[in-house]
Structures are given as C-alpha cells and as structure tokens.
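Colleague: Compute the structure for the input listed below.
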Amino acid sequence: MNLPIHAEMPQRKDWRIGILGAGFIVNDCHLVAYRKAGFNPVAIAARTRDRAVEAAQRHGIRLVHESPEALLDDPTIEVLDIAVPPAAQVPLIQAACKRGTLRGILAQKPLGVDYAEALTAVRACEEAGIVLGVNQNMRYDPSVRAARELLRSGRLGEPVLATIDMRGIPHWMPWQRDLGWATLRIMSIHHLDCFRGWFGDPDRIYCSVRTDPRTTFPHVDGIATYILEYASGLRCVGIDDTWTGPAKEGCPADIRIEWRIEGTDGLAIGDVGWCKDPYTTPSTMRWAAKGHREFQKPQWPEAWFPDAFIGTMAQLLVALERREEPEIGGRDNLKTMALVEAAYRSVELRRAVSPTEISG
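Modeller: Model prediction:
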C-alpha cells in the first residue's frame, strides 16, 4: 500500500520569506529544509546581529537586517518565519500585523506563553488579513504522516488505543528557566497536537506530573503523563519522561520516542528518529491489518529534523495560494493550546478537564 508522507507543495516557491531568529532551529532545521525544498528565504534578523550574519553566510541569504524591527519594516517580505522564544513571539506578530505588508506568518509552538496570548495572536492576524500557520512540525514526521494515512484509509479500523512514549533528555533553553516550564508546553505539546492530528479533539484530559531530578531550575512539569478520553471510547496515553533513569549519571541509556495505534482491524507501531544520533535519523514504522501474515515496513530517507519543516512552511504557502486556512492554522492551533492549558489545570485540580473549560 502506498503511504504518501510528503506535504503538498505550493505552485509558487519563490515567496519572499523573512526569518526572525538565528538559533539552532533556524540554522539546522528551517533553512536546511527551505533550501532542500527550493523555497526563497531572502532576509534574516535576530536579537544579536552577529548570529544573523553567521546564519546568512551559512545558508546564502543576501540581506541581514540590523534588528527584528528593521526586518518587519521591509515591505518586500511576503512571509514572516518567526523562530524566537514564546514570550517574544506575540509582540512581534502584533507589530507585523500593524505594518500590514505581510501575506503570511509562520509562528513557532507554543503560540505564546498561554492560551490567552495565542488567541491574541490569532485575532491580530485575522484583523490584519494575514494568514497564520503554526510550526507544529511533528505532524510532518514521516512516520506520523504514514500513520495518518492508515487511519484515513480505514486500514486499522476503528481506533481503540493509542500511545506515545517518550524517553528522552531534551536540551532545555535558558528562557524556560524564566518561565518555569519544562515538559508540557515544550515536548508534550508535540504529542498532544499529534493525537489531535490523528483523531481530532478529545472530550477531556487527565494529567499527572512530577519534577525531573536532573533539571535544576524550579519547575513542576518535568515528567508528564496524561490520558485523553474520546466519546467513541478511544483512549490516548502519553508518557513524556525527561529523566529516563540516570542516563547522564553513569547508567546505560534507553533513549527513544515510540508511538502505537491499535485499531479493530490493525496495528501500527512507530519509532521517531528525532532523539537518535544523529538527529537526522529517519523514523521507522511497521504495520499490519487483518489477513496480513507479517508486518509491513515502509521506509523513507526523510527525517523529522529537518525535513518536517518543509511541510510546515509548505502548508502555509499552499494556503496563501488557495486563500484558505492552513492545515495547521492559528485557529486549529488554539485547540492544541487549550489542550495544553487543560493539562495544567488537570494537574492543579487533580481531575479530568475538558479543553472547552479553557476555550469557552
């Protein structure tokens, strides 16, 4: 069975893209992916100009603006790609909207520090007539895309149980110390959005967390476990374990991200390559349905990092051409943000919480 994993590409690839940010995610993911796809990044700016110059030289970008504000003032930029910390993102989106020259914005996840900020960003773009896409890039991991196709084609039957099990040690960013975040808004948001992309919106979530013994800054959500409940009876279970045992303290490591979907007619199991060495390791999948004698094992050369970042930009550019909402648009992402906020509220109240308690 053919399992299409690639994003639909825009008819026009020369949209003039301006980049805000020059960290790892821009240097090793965004710009690598855009060059591979044939997209057209034409300008870059960052908080530190020297970093922007380094990224521009590495990736062949001709124009380096003196500041993010100077890039926003550039009327030739059609699409803004923002890759800055969450607390800085919404003010930049609002500033871009006030200028009124952009056609589209690709924002990072999380879309602001909380649901209220995300809603502010979405409304600002809607009022300015700017199409907003969100870089929930796990949806474009090859194995995740293949699983989506299995579900859409009905090969697995009715979904019964799905799990995502992460045993990984992320590199925490300095701004997380200031915000007091660890896992739910940074790692779990990928998995919660992935469940939504596969199965739609759950009725409620129950979440339990504890601190990660290795993380030194004050936090609550170091290790997160959660259950999503659907009216159909489907249950989705996430385990986001950033401790994984004393893997940095002398114990052998068992680092992995695995997902599993069990249906009435079939079973699919995936291993995401992001946490492998190198990080460009392709994800894998095996699946079988009733009547199969053995698992089928599709293969592909693409990996989550950096290839999924082709998909997140492509879905925005396609939406611009069609004058429609992107596959991962701002309105859609509000539901993921509400689910994350519901997880935090569940921890606080020690009960299951509906995302509608957040979004109204």
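
Colleague: what's the spatially most central residue of the chain in contact with, if anything?
Modeller: A centroid search over the chain (C-alpha atoms, centre = their mean) returns residue 136, at 2.3 Å, as the residue closest to the centre. The contact partners of residue 136, by C-beta atoms under 8 Å, 6 or more residues apart in numbering, come to 109, 189-190, 193, 197, 312, 328, 333, 336. The C-beta positions use only the backbone N, C-alpha and C, and glycine is treated the same way.

Colleague: Could you check how far it is from residue 38?
Modeller: Relative to residue 38, residue 136 is positioned 23 Å away (C-beta to C-beta, to the nearest Å).

Colleague: do residue 235 as well
Modeller: To residue 38, residue 235 is 42 Å away according to C-beta to C-beta.

Colleague: Same question for residue 340.
Modeller: Distance, residue 340 to residue 38, by C-beta to C-beta: 34 Å.

Colleague: same deal with residue 204?
Modeller: Relative to residue 38, and taking C-beta to C-beta, residue 204 is found at 43 Å.

Colleague: Who has more neighbours out of the two?
Modeller: Set residue 204 next to residue 38 and count neighbours by other C-beta atoms under 10 Å: residue 204 wins out with 19 against 10.

Colleague: ok, what's across the strand from the more buried one?
Modeller: Beta-bridge pairing of residue 204 under DSSP bridges involves residue 229.

Colleague: Hmm, it is touching residue 353, no?
Modeller: Yes - counting by C-beta atoms under 8 Å, residue 204 does reach residue 353; the two are 6.1 Å apart.

Colleague: got any residues that touch both of these two?
Modeller: In contact with both residue 204 and residue 353: residue 342, using C-beta under 8 Å, 6+ apart.

Colleague: Please enumerate the helices of this protein.
Modeller: Along the chain, the segments classed as helices by DSSP state H run 24-25, 31-37, 49-59, 68-72, 86-99, 115-128, 142-153, 174-179, 189-199, 304-322, 330-349, 356-359.

Colleague: Tell me which of these sits nearest to residue 168.
Modeller: Taking C-beta to C-beta, helix 189-199 is the member of the helices of the chain nearest to residue 168, at 11.1 Å.

Colleague: Quick one: mean pLDDT over that closest one.
Modeller: Helix 189-199 carries an average pLDDT of 98.

Colleague: Buried residues of it, list them for me.
Modeller: Buried residues in helix 189-199, defined by neighbour count with 16 or more other C-beta atoms under 10 Å: 189-199.

Colleague: now it against helix 142-153, angle please.
Modeller: Orientation check (axes from the mean of the first three to the mean of the last three C-alpha atoms, to 10 degrees): helix 189-199 against helix 142-153 gives 30 degrees.

Colleague: Centre of the chain to helix 189-199, how far?
Modeller: Helix 189-199 sits 9 Å away from the centroid of its parent chain (C-alpha atoms, centre = their mean, to the nearest Å).

Colleague: what sits up against that helix?
Modeller: Helix 189-199 is contacted from outside by 109-110, 136-139, 144, 147-148, 151, 159, 162, 164, 166, 202, 205, 226, 228, 230, 234, 236, 238, 240, 259, 261, 333, 335-336, 339-340, 343, using C-beta under 8 Å, 6+ apart.

Colleague: Please repeat the previous calculation with a cut-off of 7 Å.
Modeller: For helix 189-199, the surrounding residues in contact (C-beta atoms under 7 Å, 6 or more residues apart in numbering) are 109-110, 136, 138-139, 144, 147-148, 151, 159, 162, 164, 228, 230, 234, 236, 238, 240, 335-336, 339-340.
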